[in-house]
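1. Okay, here's the prediction I keep looking at, along with the sequence it came from:
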Amino acid sequence: MLRRGVVHRLATQDYALPLEVQEALCSPALVLYATKIRRNIDKVLAASGGRWRPHIKTVKCDAVFGMLLDAGVRRFKCATPREARTLCAALDARGVVDGDVLVAFPHVGPNLATLEEIRKATSVRLSVLVEDATPTSLDVFFDVNPGMDRSGAPLSIAADVLADVRRATGPRFRGVHCYDGHATRLGNSRSEWEPELFKVYDDLLRLVEPGDEVVTAGTPAMLSSLAHPGLRSLDDHTVSPGTVVLSDMNCEEQLPELGLEPAALVFSRVISRPTEDVVTADAGVKALAADAGHPMACVVGHPEWVPLKPSEEHLPIRVPTDARPHRGHPLYLVPRHVCPTVNLAENALLVDNDGDSFSVVNINARAHDLLRDPKITTLIPGHAPAYTVP
Ligand SMILES: Cc1ncc(COP(=O)(O)O)c(C=O)c1O
């Protein structure tokens, strides 16, 4: 559950859109608040001492890549080929000469081939994760499984595999990657998960050689990772939270210390009043991600309102009987999990200059590529075109 203090701290006037803007805006709509995003970026940079390689799967759009670049960030993480292509294009378009993108996902097959093509067309240093001596022409980070059991070589056998990978890749070897996203499974708060994470980091350090970059930590593990004496003493250690840029209900609970502000909301409207104490908003699971549990959002300015089980386009909300909003009433919803929520939107309204300027931005790295090469028109050579490009 969201801490009471956090829900109560969010004020409608900090998020409300002017009436003229609301009149033009269909709902549900993703709204990005640029001033809050910049403040979050500054806080994470200050807390990490610049040792931050943000994962851009959270923000997925040029508009926010630009804010990170303006703040001096040059090293990034992403997951999909589409994110890699979009981010590299943004770095190239700005003439960034020291851009560095780690595709933090152990891609195979046509996805890996796509990344190799992207590498040929960019001046960005592009790396991928490997967990064995998979042949690739790209630079590589060795992925270690720290106990999350999702990807990477198990720590117990990592030393032997890593030696093979170092031999196979030579100067293309960049470092060691350890994503500890299971931190919240190790305890309820930082004081509980930190001792467990420190044991993982101690083991991880045994794999590191001079010149390696060591990449750890998403949002919950960030402060523990930055506090670990061995990691602190390395020449090149980065942490890689991404959610921190936009923050959300989960982020508020996992990293309360930084005072980050929710900076991406879903603007919604009351569309029905089905019972005395329930109103329904037009933001179901096709606008607000529901993967991270209940409630999937909270309503800015109304901490006592309780979002109930959503359906595809509906979000029923329990409200006090004497305060039922009318149909059409605007609602500002903080997602529990902002990253997949952003991915659901094609475009977002970007509010800038503390609410004085508004623009529509494209979430241009959302979703996934279908084909390795978008110019392919025939899927089986020699056969009739399997599809036609419009
Ligand atoms: C490999 C990897 N690195 C970094 C992150 C960023 O973590 P967070 O979403 O907690 O900020 C993620 C999140 O899924 C991830 O999978």
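-> Okay, I see it.
2. C-alpha from now on. contacts and neighbour counts both.
-> Fine.
3. Which of the helices or strands spans Ile37?
-> helix 34-48 (DSSP states H and E).
4. Identify each buried residue in whichever helix or strand comes after that helix, please.
-> Downstream of helix 34-48, the first helix or strand assigned by DSSP H and E is helix 62-70. Of the residues in helix 62-70, Asp62, Ala63, Val64, Phe65, Gly66, Met67, Leu68, Leu69 count as buried by neighbour count, 16 or more other CA atoms under 10 Å.
5. helices or strands up against helix 62-70?
-> Applying 3 or more CA pairs under 8 Å, 6 or more residues apart in numbering; DSSP states H and E, one finds that helix 62-70 contacts helix 81-93.
6. Could you report the separation of Val31 from the ligand?
-> Val31 sits 19 Å away from the ligand, going by CA to the nearest ligand atom, to the nearest Å.
7. change the start of the numbering to 669 and stick with it
-> Got it, first residue is 669 now, which makes that one Val699.
8. you'd agree that residue is in a strand?
-> Yes. Applying DSSP: H, G, I helix; E, B strand; the rest coil, one finds Val699 inside a strand.
9. residues touching the closest residue to it other than its chain neighbours, list them.
-> Distances taken as CA to CA, 6 or more residues apart in numbering put Leu1017 closest to Val699, at 4.7 Å, once the chain neighbours are dropped. Going by CA atoms under 8 Å, 6 or more residues apart in numbering, Leu1017 touches Ala697, Leu698, Val699, Leu700, Phe1026, Ser1027, Val1028, Val1029.
10. for the residues you listed, which one is nearest the ligand?
-> Set against the ligand, the nearest of the contacts of Leu1017 by CA to the nearest ligand atom is Leu700 (17.4 Å).
11. residues near that closest one, how many?
-> 28 (other CA atoms under 10 Å).
12. again, but for Ala1035
-> With other CA under 10 Å as criterion, Ala1035 counts 16.
13. tell me which parts of the chain are close to the ligand?
-> For the chain, the contact set with the ligand under CA under 6 Å from any ligand atom comprises His723, Ala772, Tyr847, Gly886, Thr887, Ser908, Pro909, Gly910, Thr911, Val912.
14. now those residues as TSV including neighbour count, secondary structure and pLDDT?
-> Below are the residues of the chain next to the ligand laid out as TSV (neighbours: other CA atoms under 10 Å; DSSP: H, G, I helix; E, B strand; the rest coil; pLDDT from 0 to 100):
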residue	neighbour count	secondary structure	pLDDT
His723	25	strand	98
Ala772	23	coil	98
Tyr847	24	coil	98
Gly886	23	coil	97
Thr887	21	coil	97
Ser908	24	coil	98
Pro909	25	coil	98
Gly910	23	coil	98
Thr911	23	helix	98
Val912	28	helix	98
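15. just curious, which of these is nearest to Val833?
-> Ala772 (16.5 Å; CA to CA).
16. Can you report how many residues neighbour Arg834?
-> Counted with other CA under 10 Å, Arg834 comes out at 18.
17. now Gly855: how far from the ligand?
-> When Gly855 is compared with the ligand (using CA to the nearest ligand atom), they lie 15 Å apart.
18. give the contact list for that residue.
-> Trp861.
19. Tell me the secondary structure at it.
-> Taking three-state DSSP, the label given to Gly855 is coil.
20. what's the following helix or strand after the longest strand anywhere in the chain?
-> Counting by DSSP state E, the longest strand found in the chain is strand 932-943. Next helix or strand after strand 932-943 toward the C-terminus (DSSP H and E): strand 946-949.
21. That following strand packs against which elements?
-> strand 932-943, strand 983-986.
22. which is the next helix or strand following it?
-> strand 965-967.
23. Pull the distance from that next one to the chain's centre.
-> 19 Å (CA atoms, centre = their mean, to the nearest Å).
24. from the chain's centre, how far out does the following helix or strand past it sit?
-> The first helix or strand that comes after strand 965-967 along the chain, using DSSP H and E, is strand 974-975. Its chain's average C-alpha position is 25 Å from that of strand 974-975, according to CA atoms, centre = their mean.
25. Against which helices or strands is strand 974-975 packed?
-> strand 965-967, strand 983-986.
26. mind putting the ones you listed in JSON lines, mean neighbour count and mean pLDDT included?
-> Shown next, in JSON lines, are these (neighbours: other CA atoms under 10 Å; pLDDT from 0 to 100):
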{"stretch": "strand 965-967", "mean neighbour count": "25", "mean pLDDT": "96"}
{"stretch": "strand 983-986", "mean neighbour count": "23", "mean pLDDT": "98"}
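27. For the contacts of Leu1017, which single residue is the most surrounded?
-> Leu700 (28 neighbours).
28. I figured that one hits Asn1015, correct?
-> No. If you go by CA atoms under 8 Å, Leu700 and Asn1015 don't touch, sitting 10.2 Å apart.
29. middle-most residue in this protein, spatially?
-> Thr726 (2.3 Å; CA atoms, centre = their mean).
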